[in-house]
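[1] Have a look at this prediction, sequence included:
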Amino acid sequence: MALEQFSDVVQRCEALPNDSYTSDDHNVFTIAGRTCIEEGNSPQVLSIVLDEKNQNIVRSMGWNLLPPLIQVLLKKEDKNLPQCLSIFNHLLETCRPKELLIGLLEQLEHDDPDRIAESLHLLLNPLQKGSQYL
């Protein structure tokens, strides 16, 4: 269900001019994308995220997928770890630096106090890279 919703919103947004996405588009992209990752559909999400025709959408909304990706990367045991790492790295290269930086900082802000050091270690390089564009 979530994968279908995620694919549908991406397809619908393909036809729209850059940044003319509605708040509903953002919500569906975020919720369905996060659910897909949490449910183990990372290979399909990776395929959608890497598709050249979806890069404007990924650039605008992709940073919303950071929280579930970071959780998988911190667990280090997920069978979809390689796909999640690929999505994460693609988002770091594709997303707008300002949104990416905000997303990374929000992740740290809402992180479990017991895991903050591990999260910070994972996010330090992307944070440095994002901040150089501001």
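    Arrived safely.
[2] Which positions in stretch 40-58 come out as buried?
    If you call a residue buried by 16 or more other Cβ atoms under 10 Å, then stretch 40-58 has these buried ones: 41-42, 45-46, 48-49, 54, 56-58. Just so you know, the C-beta spots here come from the backbone N, C-alpha and C atoms, and that holds for glycine as well.
[3] average pLDDT across it?
    Mean pLDDT, computed over stretch 40-58, is 95.
[4] what about it, how long is it end to end?
    In stretch 40-58, first residue to last residue: 19 Å (Cα to Cα, to the nearest Å).
[5] How about residues contacting it?
    Contact with stretch 40-58 is made by 2-3, 6-7, 10, 13-14, 18, 21, 29, 33, 36-37, 62, 65, 72, 78-80, 83-84, 86-87, 90-91, 94-95, as judged by Cβ atoms under 8 Å, 6 or more residues apart in numbering.
[6] Kindly recompute the last result at 7 Å.
    With Cβ atoms under 7 Å, 6 or more residues apart in numbering as the test, stretch 40-58 has contacts from 3, 6-7, 10, 13-14, 18, 33, 36-37, 62, 80, 83-84, 86-87, 90, 94.
[7] How far does that stretch sit from its chain's centre?
    Mean-position distance between stretch 40-58 and its chain equals 10 Å (Cα atoms, centre = their mean, to the nearest Å).
[8] Numbering from 45 from now on, please.
    I'll keep to 45 as the first residue from here, and by that count the last item is stretch 84-102.
[9] just the buried residues of stretch 84-102 now: which is nearest Glu162?
    The closest of the buried residues of stretch 84-102 to Glu162 turns out to be Ser86 (Cβ to Cβ; 20.3 Å).
[10] roughly how far apart are the closest one and Tyr65?
    23 Å (Cβ to Cβ, to the nearest Å).
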